[in-house]
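> sequence? don't have it. structure:
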């Protein structure tokens, strides 16, 4: 019980880190090993992220590679890169030998090309080496890039008893057995079995008779599609086949969970105008590189707005008050645009967008008109009461309605358009929409105000 | 093979929907049943979302409740609500009998209170009824609200052989067996076993000797924390215990995947200024309710900006150009604020934010200053070249730097502050930050410009 409790409530404390640092400095390997043995590899990774690089390397060289290989996988990308730089090709190969083929390939893929070759050459297990080399040929985001080669495979002609016997051999190498995959004599995937099925079925039954139909993905399918299939059908693992239907690997749900989270974070950052995957703890330079490009776009947009306003300058010496509402107009145009694009982007990601672009635009137009009229009514009352000039109030409010409608249409159209062109529509939310809507909004606002005020 | 292929490549086509509609209209139950039997329940749900309510009800009443209960779970919330409204309490109870306790409780929780009781009374299986009633007492977002009661439990005193025998009985009711949970004689959780362990271990071995330590969560833990633990330790299922360490249920990764996705979508929508969970296909009224509140906040902010600018009106005659840059200033303040808050919000969600608030603010100040100087330099050159007035160019650019710094600090501080107060910091990104930064930005801009220009 106690052991159990400790595991759950792991909390990284300063005391713990100091204790680890002390043990390292005093070269007290025995106690250090005993202390770290208590922890899950994910917890050890958290500890290593808090100590110096030399100290982290000390720990990694001290513990056996069965543990440290898992620890390495859990480290932040940046930290892992630093650690790998300080390990020899031989040492990395030793870590890689302990990992499942998918993790092994991921680690190797992070190394510079020259180093990749040297590490691969040092891998002793020829089968593992071949598997890793195969996985390295696939695109990162494809099913092939996400799958592992480790799986439990049985032939349809076997019996349950024979199957259980052989599984005892195969399963030792497979970290987690979700399903047993059934293949025909030419290794083509024909079905699957759960371990539960094997346990609850009589020994003499033929595998072909209890094999169930199975979903699979092609090795070149995109990771997002794999995630959708696994989520839709609530799968915990999915077999991967090649174009000949031959079983080549399997993808487990834990890798998909990580993939889903990364994609969500990327979309969120894109919507917030951050162009590169960064974390709060990254360096100021990295953060600047990630943030500056969109800010620069905003600057250009702002200069555009300036030029527009300057163009209307002469017309409005009499109506300076119009200029005071430009931040309001720009803000409303930006907000409406971001809202409508966000809904479209999410709908596209979830395959929820049915029907034609035209229908979408018409719906958005209604929606924007409704929102626009409600908001414009408030603005009208404010300006009218505040300034006492009804024409001015009317000009500003009518402009606002039109601006909101146009902003909604732009916000709907751009992601749909990008998606049709095969560009990730998520890029449309955030500064891109805000900036273009700012400019269009202000332009429309002055046009309409000019028209109504008869300048 | 063919069957297998069909499954994967399920594509909702108009032909398919028309075929289903025709079979319904001609009351051709036999063919309809044969057709739908080919599909996964998640695919049937997709089909039903495309047909009329009456047609959907026809299909649900036609198919057996083993299938339709799963179909119901896969429907959109809105569609499910409509279907449930048209089923009797008895019919809903029959569906619920087929579901695992967690799904059953979720469906019942969606019903109006009066109806909940009537449906529960109609459930025949007393054990299932008691389990559902227990699950209904937990908060939606808690471990108790996410867990299912179905699990495979063995006592530590059993042998592997006895264990396998008993599992054959228990496992029939459990959709997916990830782990077998080991309890002591008073039903307290003491460890776990994988089915693989059971299969590869000799029959006479005692369970206590092969039981492994296990992570668990408390029934009152928040779903987000459960998701973090399962993700960190790559778990596919986690047992849930009460305050006495008694095993009360288990949570499987597929529910957590849905939870993670929903949370990510909620955060994304919040950042985009959408206050209610909506989808692109929701009604215009629902979409308006979700979007209008933040837009209204933007309107109030815009009026605030108007009042500020009006306060500086006297400067307008001589320095009209200052007013033409207000959209630029507001946009930059908004963008910087959203960027810094998004990074903090994500860091908080991932527990990546270490160190004090002060350190964060100092880092953000440096970052904003760096960004600000680079951007201000461009703006300075533009204004100088364009207008030929160096003082004016200086005033506007220096203001921009200060505005960006303040915007960065506000964007960093607000989410950290909300988080300390126990409020979801995600609310800070989006219109909230944009609006407050617009106002502060414009105010600071005029102050500093006034100071430099000596107005």
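Arrived safely, thanks for sending. This structure is a prediction, so every number in the text was calculated from the model and none was measured.
> helices along the stretch 301-450 of chain A, start to end?
A:320-324, A:326-349, A:357-387, A:390-420, A:431-453 (DSSP state H, counting those that start in this stretch).
> now for those helices, which one comes closest to chain B?
helix A:326-349 (2.4 Å; CB to the nearest CB). All C-beta atoms are positioned from the backbone trio N, CA, C, and that covers glycine.
> if we can go back for a sec, hey, which of the helices of the stretch 301-450 of chain A is tucked in deepest?
Neighbour counts averaged per stretch over the helices of the stretch 301-450 of chain A are highest for helix A:326-349, at a mean of 29; criterion: mean count of other CB atoms under 10 Å in any protein chain shown.
> distance of the spatially closest residue to residue A:264 that is not a sequence neighbour from residue B:350?
In space, and not counting its chain neighbours, residue A:264 is closest to residue B:264: 3.5 Å by CB to CB, 6 or more residues apart in numbering or on different chains. To residue B:350, residue B:264 is 12 Å away according to CB to CB, to the nearest Å.
> contact partners of stretch A:51-64?
A:17, A:20-21, A:24, A:29, A:32-33, A:36, A:44, A:48-49, A:68, A:71-72, A:79, A:82-83, A:86-87, A:91 (CB atoms under 8 Å, 6 or more residues apart in numbering or on different chains).
> meant to ask about stretch A:105-120, not that
A:72-73, A:77, A:80-81, A:84, A:89, A:92-93, A:95-96, A:99, A:129, A:132-133, A:135-136, A:140, A:145.
> enumerate the positions of that stretch that are buried.
By 16 or more other CB atoms under 10 Å in any protein chain shown, the buried positions in stretch A:105-120 come out as A:105, A:106, A:107, A:108, A:111, A:116, A:119, A:120.
> quick one: the residue nearest to residue A:347 when sequence neighbours are not counted and residue A:364, what's the gap?
Distances taken as CB to CB, 6+ apart place residue B:280 nearest to residue A:347, at 3.5 Å, with adjacent residues excluded. Per CB to CB, residue B:280 is found 10 Å from residue A:364.
> rewinding a little: correct me, but the residue nearest to residue A:264 touches residue A:262?
No: assessed by CB atoms under 8 Å, residue B:264 is found out of contact with residue A:262, at 10.5 Å.
> okay, those two: which has more neighbours?
Each of residue B:264 and residue A:262 has its neighbours counted (other CB atoms under 10 Å in any protein chain shown); residue B:264 has more, 19 against 12.
> got a list of what that one touches?
Neighbouring residues of residue B:264 by CB under 8 Å, 6+ apart: A:260, A:261, A:264, A:265, A:268.
> would you mind measuring from it to residue B:419?
18 Å.
> tell me the centre residue of chain A?
residue A:263 (1.6 Å; CA atoms, centre = their mean).
> is that residue in a helix, a strand, or coil?
helix (DSSP: H, G, I helix; E, B strand; the rest coil).
> identify the residue spatially nearest to it, adjacent ones excluded.
residue A:224 (6.8 Å).
> give me the element that neighbour is part of.
helix A:223-232 (DSSP states H and E).
> which helices and strands sit right next to that helix?
In terms of contacts (3 or more CB pairs under 8 Å, 6 or more residues apart in numbering or on different chains; DSSP states H and E), helix A:223-232 is packed against helix A:143-146, strand A:217-218, strand A:237-241, helix A:253-271, helix B:253-271.
> go through these and name the closest to residue A:394.
helix B:253-271 (33.9 Å; CB to CB).
> name the residues of that closest one that are buried.
B:253-257, B:259-261, B:263-265, B:267-271.
> again, but for stretch A:304-322
A:304, A:305, A:306, A:308, A:309, A:312, A:316, A:319, A:321, A:322.
> can you tell me if that stretch touches chain B.
Yes: residues of stretch A:304-322 contacting chain B under CB under 8 Å from any CB of the partner chain: A:305, A:306, A:309, A:310, A:313, A:320, A:321.
> need the distance between the two termini of that stretch.
18 Å (CA to CA, to the nearest Å).
> what residues are up against residue A:193?
Here residue A:193 is in contact with A:154, A:163, A:179, A:180, A:182, A:207, A:210, A:211, A:212 (CB under 8 Å, 6+ apart).
> tell me the bridge partners for it.
Beta bridges link residue A:193 to residue A:180, judged by DSSP bridges.
> okay, it and residue A:179: tell me how far apart.
7 Å.
> again with residue A:299
54 Å.
> now do the buried residues in stretch A:50-66.
A:51, A:55, A:56, A:57, A:58, A:59, A:60, A:62, A:63, A:65.
> alright, calling it a day.
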